[in-house]
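Peer 1: below: sequence and its predicted model.
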Amino acid sequence: MKINYIFVTGGVVSSLGKGIATASLAAVLEARGLRVTIMKLDPYINVDPGTISPVQHGEVFITEDGAETDLDLGHYERFIRTKMRRHNNFTAGKIYADVLRKERRGDYLGATIQIIPHVTDTIKKWIIAGASGYDVLLVEIGGTVGDIESLPFLEAIRQMVIEVNREKILYIHLTLVPFITASGELKTKPTQHSVKELLSIGIQPDILICRSDRVISNSERKKISLFCNVSKQAIISLQDVDSIYKIPALLKSQGLDDYICKRFNLNCPTANLSDWEEVIYYQEHPIGEVTVGIVGKYIELVDAYKSITEALKHAGIKNRFIVNIRLISSQKVEKLGIEKTLKGLDAILVPGGFGYRGVEGKILSVQHARENNIPYFGICLGMQVALIEFARHVAGMPDANSTEFITNCKCPVIALINECKNENGTIMTYNTNLGGTMRLGNQVCYLIKGSLTYQIYGKSTILERHRHRYEVNNMLLKNINHAGLTCVGFSENNHLVEVIEYSKHPWFIGSQFHPEFNSTPREGHPLFIDFIRAAMEYQHRHNKLI
C-alpha cells in the first residue's frame, strides 16, 4: 500500500488544539486497522526544545530513543499505539543546521544556498523518510498560517504534491469560529480569511476542522463550504468538550474517517472505539475523588507538567476516582510554610527540574510527606530531593546536598559521576561512559524482588525513559540505607540507583526515570495507578482520624 499523507495546519490564533485534533484523528484511523504515525514540524529556530524554558514552551517530551521533543508527541503517544522516535519531530533550527552543515562540508558543490530548493528539499526528504512503513502519516505544522517562521514548512508541504501523487495528499486546516456574545452569533469570517491566507501560499484545504465553544450549525457549515470551496461534508465542527478523550468519537460521529478513507481509496473496517468508550465511562462514573499536590517550580504554565498531570488523570480513570490536581510553587512553600501551602492534600508529587531555585521548598514538602505518612512520589529531581531530605533529617548527614546546587558541598549525596566522593574525598570510579552527560531515553532497570516497586510492576526488569544528569552517590549510601531508606532499583550495570523506597512509610517511592512518559488513558501506568490507590487509602485513614 502506498503511503498517504495528511497535513494539518492551523489558522486565526494559536492554541486551538491542533495536536489533540491530529492525535484524535490518528486514533480513529488506527482503530480502523491502519498503520498510523504522526510527525510534528516546529517553526522555531531552536534545534530542539531541550533548552527552552518549560514556562515558555511546556514540557520536553522524551522519546524511547532519547530525543528531546515537543510536548505534542506526548499527546500522540497517549492517543495511538505507535511509539514516537526522534524522526517524528524536527524544528526549523534543526533543518537549517543540517543544510548549513552540508554547505560547510561542500555537499552542494558551491551552489548558492536558498530556502527553495535546499531547505524545502530537506523538509520533504525528512517527511518521506518518517512515513516509511506506515499506511498514513499525519504531519502537524506548528504555529499558524501567516507566521513568517512557518513559510518554509508550508511551501514544502505544497511541493509534496509534486513529490507524491495528489490523490495521496490531503490538507486539513483547523480554524476558529468565535461566538460573539453581543450579537449572539457564530462568526465564520476568521475562517474565511485564514483559508484565503492558505490559498495565497498555494494550498487548498480539503477538510476544515472548525473550533468553537458550541456546535456549528448546518447553515454555518454551508456558508463556510461556499466561501472556502470545501465540501460541506468536510466541514467538521469541533466544539469544546469536558474531556479530550471524547474527541475521537466526536470526529467519527461526523464521518471524518469515512471521508478520508474514501478520499484515499482505503478499504478498511469501521473504527472500533470501545477502548475509548470505556475510558469515558470510567471518567464519568467515579466513585470518589482525591487531591494531589504537584510541588514544582514551573507552575506558571500548566503544560510544563503535561505528561504528569495526564498520568495522574489516567490513574484516576483506572481507579475510578477524580484526581484534583493542585499545582504548588516550591518557592511559596519556602516563603509561606507548610500549613499555608500543603494543607488538605491526599498525596504529594515532586517532579523533575533543573537548578537550585525552589529546591528547599521541595525538600520541605518531602519532609512533610514523610513525617505525616502522606503518599509521596518523587520523579527524577523529586527522587534526589527525597534522598537529600532523608540524609539530612534521619541519617545524620545535615550537610547533605547535590553538587548541582552547591558545587563543593561537604556531603554530596547527589553528584555527577565524576564528582561522586566518599567521606574521605575519594572519587568513585564506574566502568561507564556516561561522564557528565545527560541520560536520555529508554534504559533498563532491575528491581529488587520483594520491594513495593517490584510488587507494583509485577516483574523484576523494567524499561523506562530518563532525562537527567546527576546521579546518586553510592559511596554515601551506607548510613542512609541503615536508617531505613533503601535502594530497590538499579541500572543495567548495577552501578546507578534508579528507585528508592522508605519501608516505614505507607507509600514513599522515588524514581530517577520518568514513568509519566509511558502512561496512556487506556492502560495508565502501574506506579501512578498505585500512587492514586495509596492516596485513596490515606484519605480514608485521615478521615477516620478526624
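Peer 2: Received the coordinates, thanks.

Peer 1: from here on, just use CA atoms for contacts and neighbour counts.
Peer 2: OK.

Peer 1: and the end-to-end length of stretch 2-17?
Peer 2: For stretch 2-17, the first-to-last residue distance is 29 Å (CA to CA, to the nearest Å).

Peer 1: and for stretch 38-52?
Peer 2: Distance between the two ends of stretch 38-52: 23 Å, counting by CA to CA.

Peer 1: let me see the mean pLDDT of it.
Peer 2: Averaged across stretch 38-52, the pLDDT comes to 93.

Peer 1: buried set for it?
Peer 2: Of the residues in stretch 38-52, 38-44, 46-50 count as buried by neighbour count, 16 or more other CA atoms under 10 Å.

Peer 1: now for the longest helix seen in the chain, which elements pack on it?
Peer 2: Taking DSSP state H as the criterion, the chain has its longest helix at helix 526-545. Secondary-structure packing of helix 526-545 (3 or more CA pairs under 8 Å, 6 or more residues apart in numbering; DSSP states H and E): strand 288-296, helix 306-319, strand 347-350, helix 452-457.

Peer 1: just name the most buried of these.
Peer 2: Mean neighbours per residue, mean count of other CA atoms under 10 Å, is largest over the helices and strands packed on helix 526-545 for strand 347-350, with a mean of 26.

Peer 1: residue 446 bridge partners, please.
Peer 2: Going by DSSP bridges, residue 446 is paired in beta bridges with residue 461, residue 490.

Peer 1: so what pLDDT did the residue nearest the centre of the chain get?
Peer 2: Closest to where the C-alpha atoms of the chain average out (CA atoms, centre = their mean) is residue 74, at 3.5 Å. On the pLDDT scale, residue 74 is placed at 97.

Peer 1: which one is it nearest to, not counting chain neighbours?
Peer 2: Of all residues not flanking residue 74 in the chain, residue 61 sits nearest, at 6.1 Å (CA to CA, 6 or more residues apart in numbering).

Peer 1: ok, back up a step: so which of the helices and strands packed on helix 526-545 is nearest residue 477?
Peer 2: Nearest to residue 477 among these is helix 452-457 (19.3 Å), distances taken as CA to CA.

Peer 1: now the closest one: mean pLDDT?
Peer 2: 98.

Peer 1: list the helices and strands it packs on?
Peer 2: Applying 3+ CA pairs under 8 Å, 6+ apart, we find helix 452-457 packed against helix 526-545.

Peer 1: the helix it packs on vs strand 288-296, what angle?
Peer 2: 110 degrees (axes from the mean of the first three to the mean of the last three CA atoms, to 10 degrees).

Peer 1: surely residue 535 is in contact with residue 344?
Peer 2: No. Residue 535 is beyond contact range of residue 344, at 11.8 Å (criterion: CA atoms under 8 Å).

Peer 1: who's more crowded, these two?
Peer 2: Shown here are residue 535 and residue 344; by other CA atoms under 10 Å, residue 535 has more neighbours (25 against 13).

Peer 1: could you measure from that one over to residue 518?
Peer 2: Counting by CA to CA, the gap from residue 535 to residue 518 is 21 Å.

Peer 1: quick revisit: so which of the buried residues of stretch 38-52 are in strands?
Peer 2: Members of these lying in strands (criterion: DSSP state E): 38-42.

Peer 1: can you give me the helices for the stretch 301-450 of the chain?
Peer 2: 306-319, 330-336, 338-341, 359-371, 381-393 (DSSP state H, counting those that start in this stretch).

Peer 1: and the third one, average pLDDT?
Peer 2: Think helix 338-341. The average pLDDT within helix 338-341 is 94.

Peer 1: go on, the fourth one?
Peer 2: On average, the pLDDT along helix 359-371 is 97.

Peer 1: ok, the residue nearest to residue 74 touching residue 73?
Peer 2: Yes. Counting by CA under 8 Å, residue 73 is a contact partner of residue 61 at 6.7 Å.

Peer 1: before we move on, the earlier item: quick one: closest of the helices and strands packed on helix 526-545 to residue 8.
Peer 2: Smallest distance to residue 8 across these (CA to CA): 22.0 Å, for helix 306-319.

Peer 1: which strands and helices sit next to the closest one?
Peer 2: Applying 3+ CA pairs under 8 Å, 6+ apart, one finds that helix 306-319 contacts helix 274-284, strand 321-329, helix 526-545.

Peer 1: mean pLDDT and distance to residue 410 for those - can I get that in CSV?
Peer 2: Formatted as CSV, the helices and strands packed on helix 306-319 follow (pLDDT from 0 to 100; distance: least, CA to CA, whole Å):
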stretch, mean pLDDT, distance to residue 410
helix 274-284, 97, 49
strand 321-329, 97, 28
helix 526-545, 92, 34
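
Peer 1: which of the three states applies to residue 236?
Peer 2: The three-state assignment at residue 236 reads strand, by DSSP: H, G, I helix; E, B strand; the rest coil.

Peer 1: quick check: closest non-adjacent residue to it.
Peer 2: Of all residues not flanking residue 236 in the chain, residue 209 sits nearest, at 4.7 Å (CA to CA, 6+ apart).

Peer 1: about what we covered before: quick one, the longest helix of the chain and strand 321-329 angle?
Peer 2: 90 degrees.

Peer 1: below-threshold pLDDT in the stretch 1-150 of the chain: ranges please.
Peer 2: 1 (pLDDT under 70).

Peer 1: mind listing the strands for it?
Peer 2: In the stretch 1-150 of the chain, the strands defined using DSSP state E, counting those that start in this stretch lie at 4-10, 36-42, 61-62, 68-69, 89-91, 136-141.

Peer 1: same list (those strands) but as a markdown table, adding distance to residue 406.
Peer 2: Formatted as a markdown table, the strands of the stretch 1-150 of the chain follow (distance: least, CA to CA, whole Å):
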| stretch | distance to residue 406 |
| --- | --- |
| strand 4-10 | 45 |
| strand 36-42 | 36 |
| strand 61-62 | 27 |
| strand 68-69 | 27 |
| strand 89-91 | 35 |
| strand 136-141 | 42 |
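
Peer 1: for residue 202, which of those is the nearest?
Peer 2: strand 4-10 (13.3 Å).

Peer 1: and the angle from the closest one to strand 36-42?
Peer 2: On the basis of the same axes, to 10 degrees, strand 4-10 is oriented at 40 degrees to strand 36-42.

Peer 1: who does strand 4-10 pair up with?
Peer 2: Strand 4-10 has these strand partners (DSSP bridges): strand 136-141 (parallel), strand 169-176 (parallel).

Peer 1: which other helices and strands does the helix or strand that the longest one is followed by contact?
Peer 2: Going down the chain from strand 169-176, the next helix or strand is strand 179-180, by DSSP states H and E. Contact partners of strand 179-180 among helices and strands, from 3+ CA pairs under 8 Å, 6+ apart: strand 185-186.

Peer 1: and the strand it packs on, what's its mean pLDDT?
Peer 2: Mean pLDDT, strand 185-186: 91.

Peer 1: just the CA atoms of the next helix or strand after it, as CSV, please.
Peer 2: Going down the chain from strand 185-186, the next helix or strand is helix 189-201, by DSSP H and E. The C-alpha trace of helix 189-201 is given here as CSV (Å, rounded to 0.1, in the frame of the first residue of the first chain):
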residue,chain,number,x,y,z
LYS,A,189,-15.2,35.4,8.7
PRO,A,190,-12.0,34.5,10.6
THR,A,191,-12.1,31.0,9.0
GLN,A,192,-12.7,32.6,5.6
HIS,A,193,-9.7,34.9,6.0
SER,A,194,-7.5,32.0,7.3
VAL,A,195,-8.3,29.9,4.2
LYS,A,196,-7.7,32.8,2.0
GLU,A,197,-4.2,33.2,3.6
LEU,A,198,-3.6,29.5,3.0
LEU,A,199,-4.7,29.8,-0.6
SER,A,200,-2.2,32.6,-1.2
ILE,A,201,0.5,30.1,-0.3
